[in-house]
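Visitor: here's my sequence, what's the structure:
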Amino acid sequence: MTEPIVKVNISAEVQAITERARRASRRMAGANRAWKDKGLRAIAKSLLEHQDAILAANAKDVAAGHENGTSLPLLDRLTLTKVRVQGLADALENLASLPDPVGNVVRGQTLPNGLRMRQINVPMGVVAAIYEARPNVTVDIAGLALKSGNAVILRGGSAAAHTNKALLGLLREALDAVGLPADAVQSVDQFGREGANLIMKARGSVDVLIPRGGRELIQTVVNNSAVPVIETGEGNVHIFIDSSAEEEMSVNILLNAKTHRPSVCNTVETLLVHKDATVLPAVLKALSKAGVRLHVDERVQAVLPAGVTAVPATDEDWATEYMDLDLAVKMVDSMPDAIAHIRTWSTGHTEAIVTNNLANAEKFIAEIDSAAVIVNASTRFTDGGELGLGAEVGISTQKLHARGPMGLTELTTTKWIVQGEGQVRG
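Guide: Numbering: from 1, shown residues only. Here you go, the predicted model:
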(Lines give C-alpha, C1' and ligand atoms only; values in the text may rest on other atoms or scores of the structure.)
Protein backbone atom coordinates (compact mmCIF):
# COMPACT_ATOMS: atom_id res chain seq x y z
CA MET A 1 0.00 0.00 0.00
CA THR A 2 1.48 3.35 -1.03
CA GLU A 3 1.83 6.15 1.46
CA PRO A 4 -0.60 9.06 0.92
CA ILE A 5 0.92 12.21 -0.55
CA VAL A 6 0.85 15.01 1.98
CA LYS A 7 0.50 18.43 0.37
CA VAL A 8 2.50 21.08 2.15
CA ASN A 9 0.90 24.45 2.79
CA ILE A 10 3.96 26.51 1.88
CA SER A 11 2.37 29.80 2.88
CA ALA A 12 1.67 28.49 6.37
CA GLU A 13 5.16 26.98 6.62
CA VAL A 14 6.85 30.25 5.69
CA GLN A 15 4.63 32.18 8.09
CA ALA A 16 5.68 29.78 10.85
CA ILE A 17 9.34 30.44 9.97
CA THR A 18 8.85 34.20 10.22
CA GLU A 19 7.07 33.81 13.57
CA ARG A 20 9.91 31.70 14.96
CA ALA A 21 12.38 34.26 13.61
CA ARG A 22 10.50 37.07 15.37
CA ARG A 23 10.65 35.23 18.69
CA ALA A 24 14.34 34.48 18.15
CA SER A 25 15.03 38.13 17.27
CA ARG A 26 13.68 39.24 20.64
CA ARG A 27 16.07 36.90 22.41
CA MET A 28 18.97 38.00 20.23
CA ALA A 29 18.19 41.66 20.94
CA GLY A 30 18.63 40.94 24.64
CA ALA A 31 21.85 38.94 24.27
CA ASN A 32 24.98 40.70 25.50
CA ARG A 33 28.19 40.92 23.52
CA ALA A 34 29.94 38.08 25.33
CA TRP A 35 27.09 35.70 24.56
CA LYS A 36 26.91 36.66 20.89
CA ASP A 37 30.68 36.43 20.50
CA LYS A 38 30.61 32.98 22.07
CA GLY A 39 28.09 31.96 19.40
CA LEU A 40 30.25 33.33 16.58
CA ARG A 41 33.32 31.49 17.85
CA ALA A 42 31.32 28.29 18.21
CA ILE A 43 30.25 28.57 14.57
CA ALA A 44 33.83 29.23 13.43
CA LYS A 45 35.06 26.16 15.32
CA SER A 46 32.29 24.01 13.87
CA LEU A 47 33.09 25.07 10.30
CA LEU A 48 36.69 23.95 10.69
CA GLU A 49 35.79 20.71 12.47
CA HIS A 50 33.29 19.78 9.76
CA GLN A 51 35.05 21.21 6.72
CA ASP A 52 35.28 17.79 5.02
CA ALA A 53 31.48 17.45 5.16
CA ILE A 54 31.07 21.03 3.91
CA LEU A 55 33.42 20.46 0.99
CA ALA A 56 31.74 17.15 0.11
CA ALA A 57 28.37 18.89 -0.05
CA ASN A 58 29.89 21.71 -2.06
CA ALA A 59 31.41 19.25 -4.53
CA LYS A 60 27.87 18.03 -5.36
CA ASP A 61 26.76 21.59 -6.12
CA VAL A 62 29.85 22.32 -8.22
CA ALA A 63 29.41 19.07 -10.18
CA ALA A 64 25.77 19.95 -10.86
CA GLY A 65 26.89 23.42 -11.94
CA HIS A 66 29.30 21.93 -14.49
CA GLU A 67 26.55 19.65 -15.81
CA ASN A 68 24.14 22.57 -16.11
CA GLY A 69 26.63 24.73 -18.00
CA THR A 70 27.08 27.31 -15.24
CA SER A 71 29.53 30.03 -16.26
CA LEU A 72 33.06 29.95 -14.87
CA PRO A 73 32.61 33.16 -12.83
CA LEU A 74 29.52 31.74 -11.12
CA LEU A 75 31.29 28.43 -10.55
CA ASP A 76 34.10 30.34 -8.88
CA ARG A 77 31.63 32.02 -6.53
CA LEU A 78 29.97 28.68 -5.84
CA THR A 79 33.17 26.80 -5.04
CA LEU A 80 34.47 26.39 -1.50
CA THR A 81 38.00 25.21 -0.67
CA LYS A 82 39.82 24.60 2.59
CA VAL A 83 41.34 28.06 2.24
CA ARG A 84 37.91 29.65 1.75
CA VAL A 85 36.39 27.75 4.68
CA GLN A 86 39.28 28.94 6.82
CA GLY A 87 38.54 32.46 5.57
CA LEU A 88 34.92 32.15 6.69
CA ALA A 89 36.04 31.00 10.14
CA ASP A 90 38.58 33.82 10.35
CA ALA A 91 35.89 36.35 9.43
CA LEU A 92 33.68 35.09 12.26
CA GLU A 93 36.56 35.34 14.72
CA ASN A 94 37.18 38.88 13.49
CA LEU A 95 33.51 39.74 13.95
CA ALA A 96 33.72 38.50 17.52
CA SER A 97 36.60 40.88 18.17
CA LEU A 98 34.70 43.95 16.91
CA PRO A 99 32.67 46.28 19.16
CA ASP A 100 28.99 45.51 19.53
CA PRO A 101 27.00 48.17 17.65
CA VAL A 102 23.86 47.61 19.75
CA GLY A 103 23.43 50.36 22.33
CA ASN A 104 25.95 52.66 20.69
CA VAL A 105 24.93 56.29 21.26
CA VAL A 106 24.63 58.07 17.93
CA ARG A 107 23.97 61.43 19.58
CA GLY A 108 22.61 62.81 22.80
CA GLN A 109 22.07 66.00 24.74
CA THR A 110 20.16 67.61 27.57
CA LEU A 111 17.55 69.99 26.19
CA PRO A 112 16.87 73.47 27.70
CA ASN A 113 13.71 72.11 29.36
CA GLY A 114 15.74 69.45 31.19
CA LEU A 115 14.78 66.47 29.01
CA ARG A 116 17.66 64.07 28.48
CA MET A 117 17.67 62.78 24.90
CA ARG A 118 19.77 60.13 23.20
CA GLN A 119 19.58 58.18 19.97
CA ILE A 120 20.99 54.65 20.09
CA ASN A 121 21.58 51.78 17.66
CA VAL A 122 19.19 48.85 18.03
CA PRO A 123 18.78 45.65 15.98
CA MET A 124 16.62 45.65 12.85
CA GLY A 125 14.76 42.56 14.07
CA VAL A 126 14.17 39.98 11.32
CA VAL A 127 16.50 40.31 8.34
CA ALA A 128 15.95 38.26 5.17
CA ALA A 129 18.50 37.72 2.42
CA ILE A 130 18.00 36.38 -1.09
CA TYR A 131 21.17 35.46 -2.97
CA GLU A 132 22.48 32.97 -5.51
CA ALA A 133 25.37 30.51 -5.83
CA ARG A 134 27.33 32.07 -2.96
CA PRO A 135 27.59 29.74 0.04
CA ASN A 136 30.03 32.14 1.73
CA VAL A 137 27.15 34.61 1.99
CA THR A 138 25.26 32.11 4.15
CA VAL A 139 27.94 32.39 6.81
CA ASP A 140 28.74 36.08 6.34
CA ILE A 141 25.14 37.28 6.63
CA ALA A 142 24.34 34.94 9.51
CA GLY A 143 27.42 36.11 11.43
CA LEU A 144 26.69 39.79 10.89
CA ALA A 145 23.03 39.39 11.75
CA LEU A 146 23.81 37.55 14.99
CA LYS A 147 26.46 40.01 16.16
CA SER A 148 24.07 42.91 15.51
CA GLY A 149 21.32 41.20 17.51
CA ASN A 150 19.06 40.11 14.65
CA ALA A 151 17.47 36.91 13.40
CA VAL A 152 17.97 36.05 9.74
CA ILE A 153 15.97 34.12 7.12
CA LEU A 154 18.02 32.92 4.15
CA ARG A 155 17.17 32.03 0.56
CA GLY A 156 20.40 30.84 -1.03
CA GLY A 157 19.11 29.35 -4.28
CA SER A 158 19.19 25.88 -5.80
CA ALA A 159 22.73 26.15 -7.20
CA ALA A 160 24.22 25.91 -3.69
CA ALA A 161 21.47 23.79 -2.13
CA HIS A 162 23.67 21.01 -0.71
CA THR A 163 26.30 23.42 0.64
CA ASN A 164 23.79 25.76 2.22
CA LYS A 165 21.92 22.88 3.87
CA ALA A 166 25.16 21.64 5.43
CA LEU A 167 26.14 25.13 6.58
CA LEU A 168 22.68 25.88 8.00
CA GLY A 169 22.74 22.73 10.09
CA LEU A 170 26.14 23.61 11.55
CA LEU A 171 25.08 27.21 12.27
CA ARG A 172 21.96 26.14 14.12
CA GLU A 173 23.72 23.41 16.11
CA ALA A 174 26.45 25.84 17.21
CA LEU A 175 23.93 28.44 18.36
CA ASP A 176 21.93 25.87 20.30
CA ALA A 177 25.10 24.57 21.94
CA VAL A 178 25.85 27.97 23.51
CA GLY A 179 22.25 28.69 24.50
CA LEU A 180 21.34 31.08 21.69
CA PRO A 181 18.16 30.41 19.68
CA ALA A 182 18.77 28.11 16.71
CA ASP A 183 15.83 29.84 15.02
CA ALA A 184 17.92 32.99 14.77
CA VAL A 185 19.16 31.38 11.52
CA GLN A 186 16.58 29.75 9.23
CA SER A 187 16.11 29.12 5.53
CA VAL A 188 13.27 28.92 3.01
CA ASP A 189 15.39 27.10 0.43
CA GLN A 190 13.23 24.00 0.84
CA PHE A 191 10.31 25.92 -0.66
CA GLY A 192 12.13 27.11 -3.78
CA ARG A 193 10.96 30.20 -5.61
CA GLU A 194 7.61 30.18 -3.86
CA GLY A 195 9.42 30.51 -0.55
CA ALA A 196 11.37 33.47 -1.87
CA ASN A 197 8.18 35.11 -3.19
CA LEU A 198 6.45 34.69 0.16
CA ILE A 199 9.39 36.24 2.01
CA MET A 200 9.21 39.21 -0.36
CA LYS A 201 5.56 39.69 0.58
CA ALA A 202 6.04 39.20 4.35
CA ARG A 203 5.79 42.87 5.24
CA GLY A 204 5.29 43.23 8.97
CA SER A 205 6.92 39.84 9.64
CA VAL A 206 10.26 40.60 7.97
CA ASP A 207 11.79 43.99 8.74
CA VAL A 208 14.26 44.31 5.89
CA LEU A 209 15.20 42.29 2.80
CA ILE A 210 18.65 42.27 1.21
CA PRO A 211 19.16 40.81 -2.28
CA ARG A 212 22.69 39.89 -3.31
CA GLY A 213 23.56 38.64 -6.77
CA GLY A 214 23.27 39.57 -10.41
CA ARG A 215 21.22 42.38 -11.88
CA GLU A 216 18.25 40.14 -12.72
CA LEU A 217 17.90 38.82 -9.17
CA ILE A 218 18.31 42.23 -7.58
CA GLN A 219 15.77 43.91 -9.85
CA THR A 220 13.29 41.07 -9.32
CA VAL A 221 13.46 41.62 -5.58
CA VAL A 222 13.34 45.42 -5.83
CA ASN A 223 10.34 45.37 -8.16
CA ASN A 224 8.32 42.68 -6.38
CA SER A 225 9.04 43.05 -2.68
CA ALA A 226 6.54 44.53 -0.24
CA VAL A 227 9.24 44.33 2.44
CA PRO A 228 11.66 47.30 2.61
CA VAL A 229 14.73 46.47 0.50
CA ILE A 230 18.35 47.52 0.88
CA GLU A 231 19.56 47.24 -2.68
CA THR A 232 22.99 45.82 -3.35
CA GLY A 233 23.97 46.69 -6.87
CA GLU A 234 26.05 45.27 -9.67
CA GLY A 235 29.58 46.54 -10.05
CA ASN A 236 30.38 48.24 -13.34
CA VAL A 237 33.61 49.52 -11.82
CA HIS A 238 35.98 52.07 -13.43
CA ILE A 239 39.62 53.03 -13.02
CA PHE A 240 40.87 56.30 -14.52
CA ILE A 241 44.60 56.70 -15.16
CA ASP A 242 45.45 60.38 -15.48
CA SER A 243 48.41 61.95 -17.25
CA SER A 244 50.58 62.03 -14.11
CA ALA A 245 50.21 58.37 -13.15
CA GLU A 246 53.34 56.30 -12.52
CA GLU A 247 53.88 53.16 -14.56
CA GLU A 248 54.65 50.63 -11.83
CA MET A 249 51.73 51.72 -9.68
CA SER A 250 49.34 51.69 -12.66
CA VAL A 251 50.37 48.19 -13.73
CA ASN A 252 50.15 46.75 -10.22
CA ILE A 253 46.75 48.29 -9.50
CA LEU A 254 45.19 47.21 -12.81
CA LEU A 255 46.49 43.66 -12.55
CA ASN A 256 45.14 43.30 -9.03
CA ALA A 257 41.82 44.99 -9.78
CA LYS A 258 41.17 42.82 -12.86
CA THR A 259 42.82 39.45 -12.23
CA HIS A 260 42.84 38.91 -8.44
CA ARG A 261 39.31 37.49 -8.49
CA PRO A 262 37.49 38.58 -11.66
CA SER A 263 34.10 37.06 -10.71
CA VAL A 264 33.35 39.49 -7.87
CA CYS A 265 31.61 42.86 -7.91
CA ASN A 266 34.62 45.05 -6.97
CA THR A 267 36.63 43.95 -9.99
CA VAL A 268 37.41 46.69 -12.50
CA GLU A 269 35.42 46.42 -15.75
CA THR A 270 36.41 49.62 -17.60
CA LEU A 271 39.78 51.36 -17.82
CA LEU A 272 39.84 55.03 -18.82
CA VAL A 273 43.24 56.47 -19.79
CA HIS A 274 44.16 60.11 -20.32
CA LYS A 275 45.51 60.74 -23.83
CA ASP A 276 48.77 62.13 -22.40
CA ALA A 277 49.40 59.22 -20.02
CA THR A 278 52.63 57.39 -20.79
CA VAL A 279 51.76 54.19 -18.95
CA LEU A 280 49.22 52.69 -21.36
CA PRO A 281 51.59 50.38 -23.32
CA ALA A 282 52.96 48.82 -20.14
CA VAL A 283 49.48 48.40 -18.66
CA LEU A 284 48.08 46.76 -21.80
CA LYS A 285 51.07 44.42 -22.11
CA ALA A 286 50.74 43.32 -18.50
CA LEU A 287 47.00 42.75 -18.77
CA SER A 288 47.34 40.84 -22.05
CA LYS A 289 50.11 38.66 -20.59
CA ALA A 290 47.79 37.87 -17.66
CA GLY A 291 45.14 36.57 -20.05
CA VAL A 292 42.81 39.57 -20.03
CA ARG A 293 40.69 40.00 -23.18
CA LEU A 294 40.77 43.67 -24.14
CA HIS A 295 37.78 45.51 -25.66
CA VAL A 296 39.15 48.85 -26.86
CA ASP A 297 38.03 52.01 -28.61
CA GLU A 298 39.58 53.20 -31.87
CA ARG A 299 42.16 55.45 -30.19
CA VAL A 300 43.47 52.65 -27.99
CA GLN A 301 43.42 50.25 -30.93
CA ALA A 302 45.71 52.62 -32.81
CA VAL A 303 48.40 52.48 -30.11
CA LEU A 304 48.27 48.82 -29.13
CA PRO A 305 51.77 47.53 -28.37
CA ALA A 306 53.24 44.81 -30.56
CA GLY A 307 51.92 41.40 -29.63
CA VAL A 308 48.82 42.72 -27.85
CA THR A 309 45.48 41.90 -29.45
CA ALA A 310 42.06 43.41 -28.81
CA VAL A 311 38.52 43.57 -30.12
CA PRO A 312 36.57 46.76 -30.87
CA ALA A 313 34.52 48.08 -27.95
CA THR A 314 30.87 49.05 -28.31
CA ASP A 315 28.38 50.77 -26.01
CA GLU A 316 27.48 47.30 -24.73
CA ASP A 317 31.03 46.96 -23.39
CA TRP A 318 30.83 50.23 -21.48
CA ALA A 319 27.65 48.93 -19.82
CA THR A 320 28.84 45.40 -19.06
CA GLU A 321 29.84 43.89 -15.74
CA TYR A 322 31.93 41.10 -17.25
CA MET A 323 32.74 39.23 -14.03
CA ASP A 324 35.47 37.55 -16.07
CA LEU A 325 38.89 38.26 -17.58
CA ASP A 326 37.54 40.94 -19.92
CA LEU A 327 38.23 44.67 -19.73
CA ALA A 328 36.88 47.61 -21.71
CA VAL A 329 39.50 50.31 -22.41
CA LYS A 330 38.89 53.87 -23.58
CA MET A 331 41.14 56.87 -24.15
CA VAL A 332 39.83 60.25 -22.94
CA ASP A 333 41.01 63.82 -23.55
CA SER A 334 40.58 65.10 -19.99
CA MET A 335 39.40 64.34 -16.48
CA PRO A 336 35.98 65.92 -17.19
CA ASP A 337 35.63 63.45 -20.08
CA ALA A 338 36.49 60.56 -17.77
CA ILE A 339 34.01 61.77 -15.16
CA ALA A 340 31.31 62.17 -17.83
CA HIS A 341 31.88 58.61 -19.01
CA ILE A 342 31.65 57.28 -15.47
CA ARG A 343 28.45 59.25 -14.81
CA THR A 344 26.93 57.76 -17.95
CA TRP A 345 27.82 54.11 -17.39
CA SER A 346 28.55 53.61 -13.70
CA THR A 347 26.33 51.51 -11.43
CA GLY A 348 27.44 53.59 -8.45
CA HIS A 349 29.60 50.88 -6.89
CA THR A 350 33.32 51.80 -6.95
CA GLU A 351 35.47 54.12 -9.04
CA ALA A 352 39.22 54.71 -8.72
CA ILE A 353 41.83 57.15 -9.98
CA VAL A 354 45.55 56.54 -10.39
CA THR A 355 47.33 59.88 -10.19
CA ASN A 356 50.35 61.72 -8.88
CA ASN A 357 48.42 65.00 -8.80
CA LEU A 358 46.72 65.94 -5.52
CA ALA A 359 44.35 68.42 -7.17
CA ASN A 360 43.17 65.76 -9.61
CA ALA A 361 42.61 63.31 -6.77
CA GLU A 362 40.52 65.83 -4.84
CA LYS A 363 38.49 66.75 -7.94
CA PHE A 364 37.78 63.08 -8.64
CA ILE A 365 36.69 62.49 -5.04
CA ALA A 366 34.41 65.52 -5.12
CA GLU A 367 32.73 64.83 -8.45
CA ILE A 368 32.29 61.05 -8.47
CA ASP A 369 29.03 59.98 -6.84
CA SER A 370 29.56 56.29 -6.12
CA ALA A 371 29.44 54.26 -2.92
CA ALA A 372 33.25 54.05 -2.85
CA VAL A 373 35.88 56.31 -4.42
CA ILE A 374 39.49 55.12 -4.31
CA VAL A 375 42.73 56.98 -4.95
CA ASN A 376 45.88 55.07 -5.92
CA ALA A 377 44.73 51.63 -4.77
CA SER A 378 42.94 48.60 -6.17
CA THR A 379 39.16 48.56 -6.38
CA ARG A 380 39.31 45.15 -4.67
CA PHE A 381 39.47 47.02 -1.34
CA THR A 382 35.75 47.82 -1.52
CA ASP A 383 35.05 44.94 0.79
CA GLY A 384 33.75 44.74 4.35
CA GLY A 385 36.58 42.55 5.57
CA GLU A 386 39.27 44.71 3.94
CA LEU A 387 37.79 47.91 5.39
CA GLY A 388 37.68 46.57 8.93
CA LEU A 389 33.98 45.69 9.10
CA GLY A 390 34.66 42.00 9.75
CA ALA A 391 32.53 40.88 6.80
CA GLU A 392 29.72 42.31 4.73
CA VAL A 393 26.11 41.59 3.89
CA GLY A 394 26.68 43.16 0.50
CA ILE A 395 27.71 46.45 -1.05
CA SER A 396 24.82 48.87 -1.17
CA THR A 397 24.63 51.21 -4.15
CA GLN A 398 21.54 53.03 -2.92
CA LYS A 399 21.59 56.20 -0.83
CA LEU A 400 19.14 55.42 1.98
CA HIS A 401 20.40 54.27 5.39
CA ALA A 402 23.30 52.15 4.16
CA ARG A 403 25.75 52.79 1.33
CA GLY A 404 28.85 50.84 0.37
CA PRO A 405 30.00 47.73 2.27
CA MET A 406 27.32 46.83 4.80
CA GLY A 407 28.70 45.65 8.12
CA LEU A 408 27.36 45.48 11.66
CA THR A 409 26.13 49.05 12.06
CA GLU A 410 24.23 48.85 8.75
CA LEU A 411 22.16 45.99 10.19
CA THR A 412 20.92 48.20 12.99
CA THR A 413 18.38 50.99 13.09
CA THR A 414 18.02 53.63 15.79
CA LYS A 415 15.74 54.32 18.71
CA TRP A 416 15.18 57.64 20.46
CA ILE A 417 15.18 57.62 24.26
CA VAL A 418 13.81 60.65 26.09
CA GLN A 419 13.97 60.85 29.88
CA GLY A 420 12.30 63.57 31.90
CA GLU A 421 11.10 64.58 35.34
CA GLY A 422 7.47 65.39 34.66
CA GLN A 423 7.92 67.89 31.80
CA VAL A 424 4.89 68.65 29.64
CA ARG A 425 4.82 70.47 26.35
CA GLY A 426 3.43 74.00 26.41
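
Visitor: which residues of the stretch 151-300 of the chain fall in strands?
Guide: All strands of the stretch 151-300 of the chain, identified by DSSP state E, counting those that start in this stretch, fall at 151-155, 185-187, 208-212, 237-241, 268-274, 293-296.

Visitor: out of the ones you listed, nearest to Arg134?
Guide: The closest of those to Arg134 is strand 208-212. By Cβ to Cβ, the value is 7.0 Å. All C-beta atoms are positioned from the backbone trio N, CA, C, and that covers glycine.

Visitor: which among the strands of the stretch 151-300 of the chain is found nearest to Arg33?
Guide: Of all the strands of the stretch 151-300 of the chain, strand 151-155 comes closest under Cβ to Cβ, at 17.2 Å.

Visitor: which strands and helices lie in contact with the closest one?
Guide: Judged by 3 or more Cβ pairs under 8 Å, 6 or more residues apart in numbering; DSSP states H and E, the packing partners of strand 151-155 are helix 10-29, strand 126-131, helix 135-147, strand 185-187, helix 192-200.

Visitor: need the contact partners of it.
Guide: Under the contact criterion Cβ atoms under 8 Å, 6 or more residues apart in numbering, strand 151-155 has outside partners 17-18, 21-22, 24-25, 28, 125-131, 138, 141-142, 145-146, 164, 168, 181, 183-189, 195-196, 199, 206.

Visitor: quick one: mean pLDDT for that strand?
Guide: Averaging pLDDT along strand 151-155 gives 97.

Visitor: and what of stretch 48-59?
Guide: Rounded mean pLDDT across stretch 48-59 is 98.

Visitor: same question, stretch 294-313
Guide: So the average pLDDT for stretch 294-313 ends up being 96.

Visitor: which parts of that stretch are buried?
Guide: Buried residues in stretch 294-313, defined by neighbour count with 16 or more other Cβ atoms under 10 Å: Leu294, His295, Val296, Asp297, Val300, Leu304, Val308, Ala310, Ala313.

Visitor: tell me who's in contact with the fifth one.
Guide: The one in question is Val300. Shown in contact with Val300 (Cβ under 8 Å, 6+ apart): Val273, Leu280, Leu284, Leu294, Ala310, Val329, Lys330, Met331.

Visitor: against which helices or strands is the lowest-mean-pLDDT helix or strand in the chain packed?
Guide: Taking mean pLDDT, DSSP states H and E as the measure, the chain has helix 72-78 as its least confident helix or strand, at a mean of 86. Under the contact criterion of 3+ Cβ pairs under 8 Å, 6+ apart, helix 72-78 touches helix 51-67.

Visitor: using neighbour counts, pick out the buried residues of the helix it packs on.
Guide: Residues of helix 51-67 classed as buried by neighbour count (16+ other Cβ under 10 Å): Gln51, Ile54, Leu55, Ala57, Asn58, Asp61, Val62, Ala64, Gly65.

Visitor: chain neighbours aside, what residue packs nearest to Ile339?
Guide: In this structure, Ile339 finds its nearest non-sequential neighbour in Glu367, 5.3 Å apart by Cβ to Cβ, 6 or more residues apart in numbering.
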